[in-house]
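1. Next come a sequence and a model predicted from it.
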Amino acid sequence: MKNWPWYYFVLIVVLAFGFFYLLHYKPKSAELRDTRTAREQTEREVIQLRAKKKQMDKLQEELKTMDSTLEELELIIPLQKETSDILNRTQQLAYESNLDIKTYRPEGLVVREFYSDWPIEIEVHGQYHNLGRFFARLYNYARLFTIDDFAIRKLPQQTGEATISAKFTATTYIQRDVPAKEAPAKKTRRN
């Protein structure tokens, strides 16, 4: 080897660097490039997932708000007819207002698209201010009521506790369970 010309040594060094480059550096470089590409892809996915998580968090907050609104509305317009509760509570409100109930007649449901009306005919005797208290208490009751066909007249024989007679229809509302729209029936052809 000592007798070799200098260009053999240069050739050996170049070949050593060539083998190093081909066997070690180039595969590691490709592996590093693939790792960088995978990391960049993962970072993009993480950014997309964070954006989706923000959207999901926002949707969950909206859902919570809608759930609480629905719960409030179900108190006002419940899903099912709570007959005994409504009857007892309206009679209790009349009693607390010092009104004497003469007629209390619940009528049948009037079915609408998403809800039903439930009218109750009521006739009471009492004082004018007590009637106002009854309506105020009915207004503050958790259920939604409307008053229709209201008529008031003075009693022919008035006492200290009863000077007027009021007749009206108190209507409350009940949500209907509306089934999802069914597929329309197929039309059959007649020959």
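-> The structure has been received and is ready for your questions. Here the structure is a predicted model, which means the values were calculated and not measured.
2. Averaged pLDDT, the host helix or strand of T65. What do you get?
-> Here T65 sits within helix 26-76, counting by DSSP states H and E. The pLDDT scores in helix 26-76 average 87.
3. Could you report the distance from the residue nearest to the spatial centre of the chain to E72?
-> Note on the chain: the residue nearest the mean C-alpha position is M66, at 3.2 Å, using C-alpha atoms, centre = their mean. Using C-beta to C-beta, to the nearest Å, M66 is found at 11 Å from E72. No exception for glycine: its C-beta is placed from N, CA and C like everyone else's.
4. can you pull out the strands in this protein?
-> 100-106, 110-111, 115-126, 145-154, 164-175 (DSSP state E).
5. so what secondary structure elements neighbour the second one?
-> Spelled out, it's strand 110-111. Applying 3 or more C-beta pairs under 8 Å, 6 or more residues apart in numbering; DSSP states H and E, we find strand 110-111 packed against strand 115-126.
6. mind listing what the strand it packs on pairs with, with the direction of each?
-> In the sheet, strand 115-126 lines up against strand 100-106 (antiparallel), strand 110-111 (antiparallel), strand 164-175 (antiparallel) (DSSP bridges).
7. Comparing those strands, which comes out most buried?
-> Mean neighbours per residue, mean count of other C-beta atoms under 10 Å, is largest over the strands paired with strand 115-126 for strand 164-175, with a mean of 19.
8. average model confidence for that strand?
-> So the average pLDDT for strand 164-175 ends up being 89.
9. Return the distance of that strand from the chain's centre.
-> Centroid separation for strand 164-175 versus its chain: 29 Å, with C-alpha atoms, centre = their mean, to the nearest Å.
10. CA atoms only: put it into CSV for me.
-> Extracted in CSV, the C-alpha atoms of strand 164-175 (Å, rounded to 0.1, in the frame of the first residue of the first chain):
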residue,chain,number,x,y,z
ILE,A,164,-120.0,39.5,41.0
SER,A,165,-120.3,36.4,38.9
ALA,A,166,-117.6,35.7,36.2
LYS,A,167,-117.8,33.1,33.5
PHE,A,168,-114.9,32.3,31.3
THR,A,169,-113.0,29.5,29.5
ALA,A,170,-109.4,28.9,30.8
THR,A,171,-107.5,27.1,28.1
THR,A,172,-104.2,25.3,28.8
TYR,A,173,-102.0,23.6,26.2
ILE,A,174,-100.4,20.2,25.9
GLN,A,175,-97.6,19.2,23.6
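11. now the nearest residue to L87 once chain neighbours are set aside, which residues is it bridged with?
-> Excluding its sequence neighbours, the residue lying closest to L87 (C-beta to C-beta, 6 or more residues apart in numbering) is P106, at 6.8 Å. Assessed by DSSP bridges, P106 has beta-bridge partners I120.
12. Enumerate every residue touching P106.
-> T83, L87, W118, P119, I120, E121 (C-beta atoms under 8 Å, 6 or more residues apart in numbering).
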